[in-house]
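J.: Need coordinates for the following:
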Amino acid sequence: MDARKHIKWAIALTLLVNAAAMLSPIINSGDAITYATLANHMVTSHDWVSLVLDGQDWLDKPHLPFWITALFFKLGGVSAQTYILPGFIFHLIGAYYTYRLARMFYGKQTALLAVLVYVSVFNLMDASIEIKAETYLIGMIMPACYYWLRYDTQFRIKYLLLGAMFTAMAVMTKGIFTLFTVFSGLACLWIYEKQWAKLFSMKWLAAFAFSLLLVAPELIALQLQFGQHGSGDQAQSSLKFFFWDSQFGRFFNTGPIQNHNGNLFYFVLVFLWAFLPWTMVFFAAMYAQYKGFRTVDKGERTAFVFLASAFGCTFLMFSATKFQLDYYIDIIFPFAAILCAHYLTNGVVSRMLFRVQIGFLSLLALLTVALAIYVGNAVILAMVAAIVSGVLIYAYQTRMASLNFRTVMNSALAINLLYGFLVILTASAFTAYSLPYNAAKLTGREPSIPIYVFQMPEAARELALYSGGAAQSINEFDPAKPPGTAFYLLIRHDQAEPLHLPGARFKQVAQLNVVVHKTGTFNKLLQLAKGTWPLETVDLLEYLPS
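T.: Presented below is the predicted three-dimensional model:
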């Protein structure tokens, strides 16, 4: 059996299942709607410097992800696909440099397996479609780590320029705390090898300074938006936010955005499910490599120190903070993927680990089937049944293969089953019941006819993306003094009745039973897919001027 061929097919299948979520015409999360709106404003206003949301200056994250999204909007038009595509490309860049880093340490076989582990980690699959800042970060941090490692062993201008460029891009995506992840592995490696002088050498001070120099576009943008449009104090405040409040402020919980519910073991619990289906493999890999640390050659010790330090230092940093969100640790999963791949390539999976792993995978498959039955959608149930049958047939045909091979392939297939189900479930639920999507189908993409959305600002932002920028959020509406031109009005039915709408010049186009706020619990999504979640009745009215 050609294991490499099977692994390549598994990588291709996983990427196809992952990318299939881009076929959905809907942007799924509330944060994604906000980020897409910010990027869309850059395109429509021709102002590529300012971050503006609902007419107000917006200062929460650096500019680079919005510049990238705005560029794709400019080239391909505004849609869910052009919003997701650049993030997915950075997801692939992260996979490529995970391969290169693993190959530099361990060789081609481990590198290929590291890519399969990377692309099949549940939280990375989800993040590549939801498009958090972490999706972009992985595609910047992994190449930065790779080129700095090459720069450490051999001075070449190419390594300096690329290392500094990707490092600066990471800083312009999430802030200067990303430097901790980029350099922690190297710093721990120098300490382990007693190369203390490198910590303060001119070679590395120059690299650090050059990286910060390339952050200039972000600083210039902040100065132009808050220095010219606002006061000098606002410009100074924006720089303080970028360098301190957005980073150290969250770390020490003293910034404008705070969370008082942080827990030291929060990310331990998150890791258990976020790194599925490889969680148990990771623990086994760490134990095996730690136990055999003194018996392996220097190259393997170097690799373990770098990878474990890059993973562990960032993990501990996030655990020590009070402001904690589950997707923060996505940026260190590639390091864990390489450690898992090395173990699966060079170690021997015990029968106990194999049984535990197969037990977990069986539970994932049974959970998927149970959820499909619960939702009761015939199409979804048929697709899940077909996929489960295919997985079982493949598992039977490879039953004589090694435990390592079966652990790898069954894990990848199981997570594809679960993720594929969630993609179909989410797409079917939101296309059926999302207010902005269904309103856009009725009004068309016609920017010349405005759409006023009454007291539903999030829905207005999303509708503007689907309708060519025609939607506007309003908090007050007087039917006796409407605008003089034709327009559409989206208003909750119980708010329209006291205003005696429809009536006079208002014509009812449709009455929609929809969900206004898509964000919520997974239980809400399941009930929404069944059509049993309490939906809101929203009227779509058209004003016909005399």
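J.: Quickly note the distance from the nearest residue to residue 129 once chain neighbours are set aside to residue 86.
T.: Spatial nearest neighbour of residue 129, excluding adjacent residues (Cβ to Cβ, 6 or more residues apart in numbering): residue 21 at 4.2 Å. C-beta: built from backbone N, CA, C; applies to glycine. According to Cβ to Cβ, to the nearest Å, residue 21 stands 15 Å off from residue 86.
J.: same check, this time on residue 438
T.: To residue 86, residue 438 is 27 Å away according to Cβ to Cβ.
J.: could you pull out the helices for the stretch 151-300 of the chain?
T.: Along the stretch 151-300 of the chain, the stretches classed as helices by DSSP state H, counting those that start in this stretch are 157-174, 178-192, 202-213, 216-223, 232-240, 250-251, 266-274, 279-291, 298-320.
J.: Out of those, which gets the lowest mean score?
T.: Among those, helix 232-240 has the lowest mean pLDDT, at a mean of 57.
J.: Can you check what angle separates the longest helix along the chain from helix 279-291?
T.: Counting residues, the longest helix in the chain under DSSP state H turns out to be helix 403-433. Computed with axes from the mean of the first three to the mean of the last three Cα atoms, to 10 degrees, the direction of helix 403-433 lies at 140 degrees from that of helix 279-291.
J.: Report the buried residues of helix 403-433.
T.: For helix 403-433, the neighbour count (16 or more other Cβ atoms under 10 Å) marks 403-430, 432-433 as buried.
J.: Same check on stretch 267-274?
T.: Buried, per 16+ other Cβ under 10 Å, within stretch 267-274: 267, 270-271, 274.
J.: and what of stretch 309-317?
T.: 309-315, 317.
J.: now do stretch 76-87
T.: For stretch 76-87, burial by neighbour count (16+ other Cβ under 10 Å) applies to 78-87.
J.: I'd like to know which of the residues you listed are part of strands.
T.: Within the buried residues of stretch 76-87, no residue falls in strands by DSSP state E.
J.: per-residue confidence at the closest residue to residue 139 other than its chain neighbours?
T.: Distance criterion Cβ to Cβ, 6+ apart; nearest residue to residue 139, sequence neighbours excluded, is residue 90 at 3.1 Å. pLDDT, residue 90: 96.
J.: quick one: residue 90 from residue 68, how far?
T.: 8 Å.
J.: Name the residues contacting each of the two.
T.: Each of residue 136 lies in contact with both residue 90 and residue 68 under the rule Cβ atoms under 8 Å, 6 or more residues apart in numbering.
J.: Between the two, point out the one with more neighbours.
T.: Taking other Cβ atoms under 10 Å, residue 90 and residue 68 do not tie; residue 90 has more neighbours (24 against 18).
J.: Contact partners for that one?
T.: Residue 90 touches 135-136, 138-140, counting by Cβ under 8 Å, 6+ apart.
J.: let's go with 10 Å and repeat that
T.: Applying Cβ atoms under 10 Å, 6 or more residues apart in numbering, we find residue 90 in contact with 65, 68, 128, 131, 134-140, 142, 169, 173.
J.: returning to what we had before: give me whichever of the helices of the stretch 151-300 of the chain is most buried.
T.: helix 157-174 (a mean of 22; mean count of other Cβ atoms under 10 Å).
J.: How far off centre is it?
T.: 20 Å (Cα atoms, centre = their mean, to the nearest Å).
J.: from here on, count from 109
T.: That works, and once the first residue is 109, the last one we named lands at helix 265-282.
J.: Could you figure out how far it is turned away from helix 286-300?
T.: Using the same axes, to 10 degrees: helix 265-282 against helix 286-300 is 130 degrees.
J.: Can you tell me which helices and strands helix 265-282 packs against?
T.: With contacts taken as 3 or more Cβ pairs under 10 Å, 6 or more residues apart in numbering; DSSP states H and E, helix 265-282 sits against helix 172-184, helix 188-214, helix 241-261, helix 286-300, helix 310-321, helix 324-331.
J.: Repeat the analysis, applying 8 Å as the threshold.
T.: helix 172-184, helix 241-261, helix 286-300, helix 310-321, helix 324-331 (3 or more Cβ pairs under 8 Å, 6 or more residues apart in numbering; DSSP states H and E).
J.: what packs against the helix or strand in which residue 560 is found?
T.: Secondary structure assignment for residue 560, by DSSP states H and E: strand 559-562. Secondary-structure packing of strand 559-562 (3+ Cβ pairs under 8 Å, 6+ apart): helix 565-574, strand 579-582, strand 595-600.
J.: re earlier: export the helices and strands packed on helix 265-282 to a markdown table and append columns for distance to residue 644.
T.: Output for those, formatted as a markdown table (distance: least, Cβ to Cβ, whole Å):
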| stretch | distance to residue 644 |
| --- | --- |
| helix 172-184 | 30 |
| helix 241-261 | 31 |
| helix 286-300 | 40 |
| helix 310-321 | 49 |
| helix 324-331 | 39 |
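J.: nearest to residue 408, of the ones you listed?
T.: helix 286-300 (13.1 Å; Cβ to Cβ).
J.: so the closest one versus helix 310-321, what angle?
T.: Using the same axes, to 10 degrees: helix 286-300 against helix 310-321 is 170 degrees.
J.: Give me the contact list for helix 286-300.
T.: Taking Cβ under 8 Å, 6+ apart as the rule, helix 286-300 contacts 245, 248-249, 252-253, 256-257, 260, 275, 278-279, 304, 306-307, 319, 410, 413-415, 417-418, 421-422, 425, 439-440, 443.
J.: cool, stretch 620-627 as well?
T.: 136-138, 538, 541-543, 546-547, 564, 566-567, 636, 641, 643-648.
J.: Counting only strands, which of the residues you listed make the cut?
T.: 644-648.
J.: Now the buried members of the residues you listed.
T.: Counted by 16+ other Cβ under 10 Å, those give 644, 646-648 as buried.
J.: Nearest to residue 153 among those residues?
T.: Using Cβ to Cβ, these come closest to residue 153 at residue 648, 27.5 Å.
J.: quick one: the closest residue to residue 325 other than its chain neighbours and residue 141, what's the gap?
T.: Nearest non-adjacent residue to residue 325, counting by Cβ to Cβ, 6+ apart: residue 280, 6.8 Å away. Separation of residue 280 from residue 141 (Cβ to Cβ): 22 Å.
J.: and if you look at residue 275?
T.: Distance from residue 275 to residue 141, by Cβ to Cβ: 30 Å.
J.: and what of residue 551?
T.: When residue 551 is compared with residue 141 (using Cβ to Cβ), they lie 18 Å apart.
J.: go on, residue 228?
T.: Residue 228 is 28 Å from residue 141, by Cβ to Cβ.
J.: Mind checking which of these two has more residues around it?
T.: Neighbours per residue (other Cβ under 10 Å) separate residue 228 from residue 141, with residue 228 holding more: 28 against 23.
J.: Per-residue pLDDT of the more buried one, please?
T.: In this model, residue 228 carries a pLDDT of 95.
J.: these two touch, right, it and residue 519?
T.: Yes: taking Cβ atoms under 8 Å as the definition, residue 228 is a contact partner of residue 519 at 7.1 Å.
J.: Identify the contacts common to these two.
T.: 385-386.
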